[in-house]
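J.: sequence-free structure coming up:
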């Protein structure tokens, strides 16, 4: 299988011109996806959904997704309405990445709920149900949960394509929730090691089968931070959590193709490059030199993805 490829960008409000250049390079290079981080409490970040709408209007082919939307600061019914609206306006070029919210004190400081990890996962599970109801096409919907409630709500519009809900899940219970109820898994290498990613895919498969779902219908989307250039680090290394995930992956295009093929072999169908050097040149190399090696289009070196 040839994986779908994309990039992820950080929505700094003081470097919007550079962000636009990166996204244009992805669109021109015919990459499939662009992810935008969502941390509303981060003072340097512009609003993610507003930026996504702007970038969708400025591009022609590439799809955009939230990498991932902060649920505690965004009610799920409103997330559903916004996501569906973006999909309608762009002709089906939006996907919803969703997270339970990881930085409790900053969420609470911005007026959001201060939930325990267990409460956060419980709320996320309810939110998935609310979002699906909002996309159901029903004239009126109601929902009674511990964290969210709908009372004769009037949903519309519905997405114009089968929009996925991809969870940014890193711990065991949330990873199981992917298999139980979500449409995709959206982790980051560095937050999880290669071994943990393999174990996560196995856990999702088991949870999906237990819920009577087909594991093959659940998308596996992996963020990878790095630079395309000389030198490299081992993909087996575990990197610390943060906006920057420690020492990035680094190597020439051939090394990147081999490394990404390993993640495909481990079960990932979509690979998202997060360039440490946020330059259009890095995106262009990813699209024009790494992507052909993965697809087998380069006559001198067959792709290894199967």
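T.: Yes, it's here. It should be emphasised that the depicted structure is a prediction, and the values quoted were computed from it without experimental measurement. Numbering: from 1, shown residues only.
J.: show me where the stretch 151-300 of the chain has its strands.
T.: With DSSP state E, counting those that start in this stretch as the criterion, the stretch 151-300 of the chain has strands at 165-167, 184-185, 219-228, 249-251, 270-275.
J.: residue 80 is nearest to which of those?
T.: Between residue 80 and these, the shortest gap by Cβ to Cβ is with strand 165-167, which sits at 9.5 Å. For glycine as for every other residue, the C-beta is placed from the backbone atoms N, C-alpha and C.
J.: what helices or strands is that closest one leaning on?
T.: Helices and strands touching strand 165-167, by 3 or more Cβ pairs under 8 Å, 6 or more residues apart in numbering; DSSP states H and E, are strand 94-99, helix 117-134, helix 172-181, strand 184-185.
J.: run the chain-centre distance for the shortest one.
T.: In terms of Cα atoms, centre = their mean, to the nearest Å, the gap separating the centre of strand 184-185 from the centre of its chain is 8 Å.
J.: and that strand, what does it pack onto?
T.: Applying 3+ Cβ pairs under 8 Å, 6+ apart, one finds that strand 184-185 contacts strand 165-167, helix 172-181, helix 194-210, strand 219-228.
J.: right, and these - which one's nearest residue 43?
T.: Nearest to residue 43, of all those, is strand 219-228, at 22.0 Å by Cβ to Cβ.
J.: please enumerate the helices of the stretch 1-150 of the chain.
T.: For the stretch 1-150 of the chain, helices defined by DSSP state H, counting those that start in this stretch occupy the ranges 16-28, 48-58, 76-90, 104-109, 117-134.
J.: do you know which of those lies nearest residue 162?
T.: Closest approach to residue 162 among those is made by helix 76-90 (10.1 Å; Cβ to Cβ).
J.: what's the angle from the closest one to helix 48-58?
T.: Helix 76-90 runs at 10 degrees relative to helix 48-58, counting by axes from the mean of the first three to the mean of the last three Cα atoms, to 10 degrees.
J.: residue 36 reaches residue 63, doesn't it?
T.: No. The criterion here is Cβ atoms under 8 Å, and residue 36 misses it with residue 63 at 11.6 Å.
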